[in-house]
Each structure stands twice: as structure tokens, then as C-alpha cells.
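Asker: have a look at this prediction, sequence included:
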Amino acid sequence: MTEALRVYFVGIGGIGMSALAQFFQYQGKIVSGSDREGTPTTKLLAERDMQVWIGEDGCHIPADTELLVYSDAVPVNNAERVRAREMKIPQTSYFEALGEVSKAMRTIAVAGTHGKTTTTAMLAKILQDCEKEPTAIVGSIVQDFGSNFLPGRNDLLVVEACEYREHLLELSPEILVITNVELDHTDFFPSLSALQSTFSAAVERVPKHGVIVANPSDPVVAAVLGGAHAPIIDYTSATVPELQLLGEFNAMNARAAKTAARAAFPHLQESYTDKALLDFKGAWRRFEYKGETSQGALVFDDYAHHPTAVEKTLDAAREKFPDKKILVAFHPHLYSRTRDFMEAFAHSLAKADEVVLAPIYAAREEPLEGITSEKLAEKINALGTPATAFESLAEVRDALLARSSKLEARSLLITMGAGDIYKVAEQITEE
């Protein structure tokens, strides 16, 4: 599979897919692909001279394609996948392809329910600044290198590892970082213990000469470490400088990244690792400053889509901006997640001064009866925080502009969620 020279990606705009596409191009492969719509990542790929089609059509696939890589979000009856079968082109999923890449490289994988993107980006930044030349695949566009892919050596890979559908088990890490473990992806994991089983399997795969970086004092994490063959290093006691990023959770991410870097290269000078963290600017959609509205309200965008991440982000924003009235525009992601964490989402979002809700972003799911943004708004209102559900992102945008115009510079607007809500942040700052 990795010998294929001409590779076509279906769903090439996905954050992992687009990084892998860049990696293959860096290896000298001829890469092209398609996605349903244009995004910042498809624009980035086009700027890097890749042929990217918008919309699916079997005619897009070049006749000399040797391998088709598809995203998890692309079904088996996708027109391009169907056409590839007719053309007898081998197909592989993104995570299977990434697993093959990992087998051939010394791999540092960063896993966990929260913080893995930022931790991966910090780790890549540390190793880059310390002249270790890592190749990195990150789950967001990192401001420090303007991409979700960092080109480097062909024998050192830093990669974000997703637990969904046990994808992290495709990887072969010598060093495994576990930031934390909390129930998520309830459409696949029926319980916390099921999720822990996946992390336990990942821990057992780390060889004796490897390292596991984790927080063994956390009982949920400790439960997945029992079968470890490799030594376990506690990252929580690492010292880190004051960061440009807000929140104690980001300081914990920095501790994990620094510990992993020093586990991989024990002779790294602490002054260099700390300078890299001090300079780290952050990643796309991780409490990213987008600008101001015409009335002077500050606008930030954040990827938080789990109740814990929502709560920690709002707590950090409140600490950073104690005099601001915080308005959150939240885009619930998945019907199953909204159903299973309905009460937790309500309590987390109630920490804002006001909440507006977009319709649930379905992604890979069909609607579930009775699970709506209107129901979530009712729960938030019952806790004393005004909340309104709207029928479109356009209505959410207009509501934010109307509310911020009354408050002017006293307001802080945060668009939040894993769907398309970031477009609202861009629109209200442009207007």
C-alpha cells in the first residue's frame, strides 16, 4: 500500500485526511482527491498544488490511480468508491493507511479524550525547535507551522491518535501519551469501561523499550495502565512556563508534551523545551481569537464539543475576561452525544451569561426523536441562564450581532462546537 505512487483521497478535506495527503505528497507521491465542500483545509491543499475536487464524481479519479484512501465519513456506496471498485483500485481507510505509516517510523502517539490536538502540536513544536526534525500529523491547523502537517525526518512521527472505533489501535507507538480518559463517542462506546478497554489494549501494545506518558493518579487512567509492559512516566509534575494559551488544562497539555519530548530524547535541554512552549501560539479552533464585531465585541472560536471541554473553556474565559458578558453560540455535535450528555451540556453551558444554539450537527448520524437543540435550550433556561435555539447558522449569526450591538465592547462572543459554527465567527467579524 505505501508503495503506491498515485493516491486519490475521498474526503480529502478532513483534518486527518488532509494531513496524510500532505505527508504522501512530501514523500513524492502524486496526490489528488475530493470533498463535499470547500474548507480551510481544501484551500490549504490547493495552495500546495494538489488537485482537489468539490463534490463527488467517479470521473474525478485519475485513470492511473494506484490507491484510494477514504475517510470514515465516506460510506461504501459513495460514487467514487463505487467507481474505484469498478477500476479495481485498492481501497483503504485513513486510519489503516496511517497505521502503515506508523509501522515504518518511530512513533510518538498522543491519545486522550481531551487535549490531544494541542498536546500533539506542542510536542511537535518542541521537537522542531530542538532540531529533532519530527514529521507530525495533527488534528488541527497549527499556527506555529501554518498547517496540520509538519514535514520532517522519515523515521520520526508525532501523531494524534483518535480512540473512536478503536482507531488508535492501528498505530504502533514507541511512546504513547494519554492526556486523560473520559466517556465520549457514545455511538460506539456504550460505557466508560468499554472505552477503557480500548485504551488498555493501546497500552499493552507499547513495547518494553517504549514509554507511556500518563497521569497514574487519575483512577480512570490508572485502570487502563495495569497491563503495561513499558515504564509509565507521570507527566503532571513537570514544570512549564506561563503559556500564551489560557487555562490550567493547557498547562497540563504542556506538561504532557514536555514529558513526552524528554522521554523520546532524554538529553533535551529544559531551556529549549520551555522556550518552545513559551512561543507556542496555538491551533485553529482552540480558543482562537477571530477579531471584533463592528461594535467592539471580542470574538473567539473553540472546538469544544464535550461537556467537560465546554466547562473548562468557559471557566478559563471567565478568568481571563472577568468584566465581560459571555455569549456562547454552541453547535451540538451528534444526536447521540447530545442525548447522552444532555444534562451535562446544560450545566456546562449555563456558565455563560447567555447561550444561543444552532441545530444539532448530524455528521454521520440520523436524527433521534426528541433530541433537539430546543430541548437543550429548555434545560439551560431551567438553570437560570437565558438560552435560545435557532433553526439555522444564519439565524445564530444574526442573533449574536443583535445581542452584541446592545452590549457593545462589554461582550465576549464564543462560537463553540465541532460542526460549522466557526463560519459564524468569521462572518460576524467580517461584517
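Answerer: That came through fine.
Asker: which phi and psi does Arg106 have?
Answerer: For Arg106, the backbone dihedrals are phi -70, psi 120 (criterion: degrees, to the nearest 10).
Asker: hey, what's it bridged with?
Answerer: Judged by DSSP bridges, the bridge partners of Arg106 are Leu156.
Asker: wait, it touches Ser172, no?
Answerer: No - using Cβ atoms under 8 Å, Arg106 is not in contact with Ser172, being 9.6 Å away. (Glycine included, C-beta is placed from N, CA and C.)
Asker: residues of the longest helix along the chain that come out buried?
Answerer: Longest helix of the chain, by residue count under DSSP state H: helix 248-264. The neighbour-count check on helix 248-264 (16 or more other Cβ atoms under 10 Å) flags 249-264 as buried.
Asker: more neighbours: which of Arg106 and Ser172?
Answerer: A count of neighbours by other Cβ atoms under 10 Å puts Ser172 above the other of Arg106 and Ser172, at 20 against 17.
Asker: give me the contacts around the longest helix of the chain.
Answerer: Helix 248-264 has contacts (Cβ atoms under 8 Å, 6 or more residues apart in numbering) with 108, 110, 114-115, 118-120, 122-123, 126-127, 130, 132, 175, 177, 179, 211, 213, 233, 235-238, 240, 243, 268, 273-274, 277, 280, 312, 316.
Asker: can you flag the buried ones in those?
Answerer: The neighbour count (16+ other Cβ under 10 Å) marks 108, 110, 114-115, 118-120, 122-123, 126-127, 130, 132, 175, 177, 179, 211, 213, 233, 235, 238, 240, 243, 268, 273-274, 277, 280, 312, 316 as buried among the contacts of helix 248-264.
Asker: how close does the residue positioned nearest the centre of the chain sit to Ser271?
Answerer: Nearest to the geometric centre of the chain sits Gly139, at 4.4 Å (Cα atoms, centre = their mean). Note on Gly139: its distance to Ser271, by Cβ to Cβ, to the nearest Å, is 29 Å.
Asker: try Ala63
Answerer: As judged by Cβ to Cβ, Ala63 and Ser271 stand 55 Å apart.
Asker: what residues sit buried inside stretch 334-349?
Answerer: Using 16+ other Cβ under 10 Å as the test for burial, stretch 334-349 gives 334-341, 345-349.
Asker: please apply the same query to stretch 126-146.
Answerer: Neighbour-count burial for stretch 126-146, counted by 16+ other Cβ under 10 Å, picks out 126-130, 132, 134-145.
Asker: just the ones in strands from those, please.
Answerer: Of the buried residues of stretch 126-146, the ones assigned to strands by DSSP state E are 135-142.
Asker: closest one of these to Thr198?
Answerer: Relative to Thr198, the closest of these is Gly139; by Cβ to Cβ it sits at 17.6 Å.
Asker: list the contacts for that closest one?
Answerer: With contact set as Cβ under 8 Å, 6+ apart, Gly139 has these partners: 15-16, 116-117, 120, 148, 160, 162.
Asker: a markdown table for those residues, including pLDDT?
Answerer: Output for those, formatted as a markdown table (pLDDT from 0 to 100):
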| residue | pLDDT |
| --- | --- |
| Ile15 | 93 |
| Gly16 | 95 |
| Lys116 | 96 |
| Thr117 | 96 |
| Thr120 | 98 |
| Asn148 | 97 |
| Glu160 | 97 |
| Cys162 | 94 |
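Asker: out of these, who's the most crowded?
Answerer: Within the contacts of Gly139, Thr120 tops the neighbour count with 32 neighbours, counted by other Cβ under 10 Å.
Asker: and that one, that's in a helix?
Answerer: Yes - per DSSP: H, G, I helix; E, B strand; the rest coil, Thr120 lies within a helix segment.
Asker: so who does it touch?
Answerer: Per Cβ under 8 Å, 6+ apart, neighbours of Thr120: 110, 136, 138-139, 158-160, 257.
Asker: confidence score at Lys325?
Answerer: For Lys325, the pLDDT comes out at 93.
Asker: inside strands: which ones of the contacts of helix 248-264?
Answerer: Using DSSP E, the members of those that fall within strands are 108, 110, 175, 177, 211, 213, 233.
Asker: circling back: look up how far Asp323 lies from the residue nearest to the centre of the chain.
Answerer: Distance, Gly139 to Asp323, by Cβ to Cβ: 33 Å.
Asker: what's the answer for Tyr303, then?
Answerer: According to Cβ to Cβ, Tyr303 and Asp323 sit 25 Å apart.
Asker: need the contact list for Asp35.
Answerer: Residues in contact with Asp35, defined by Cβ under 8 Å, 6+ apart, are 11-14, 42, 52-54.
Asker: helix/strand/coil for the closest residue in space to it that isn't next to it in sequence?
Answerer: In space, and not counting its chain neighbours, Asp35 is closest to Gly13: 3.7 Å by Cβ to Cβ, 6 or more residues apart in numbering. The assignment at Gly13 comes out as coil when based on three-state DSSP.
Asker: going forward can the numbers begin at 53, since that is how I track them
Answerer: Understood, numbering begins at 53; the last thing we discussed is Gly65.
Asker: what about Gly65, neighbour count?
Answerer: 24.
Asker: show me what the helix or strand of the chain with the lowest mean pLDDT is packed against.
Answerer: Within the chain, confidence by mean pLDDT, DSSP states H and E is lowest for helix 445-459 among all helices and strands, at a mean of 85. In this structure, helix 445-459 makes packing contacts with strand 377-383, strand 406-409, strand 463-469, helix 474-482, judged by 3 or more Cβ pairs under 8 Å, 6 or more residues apart in numbering; DSSP states H and E.
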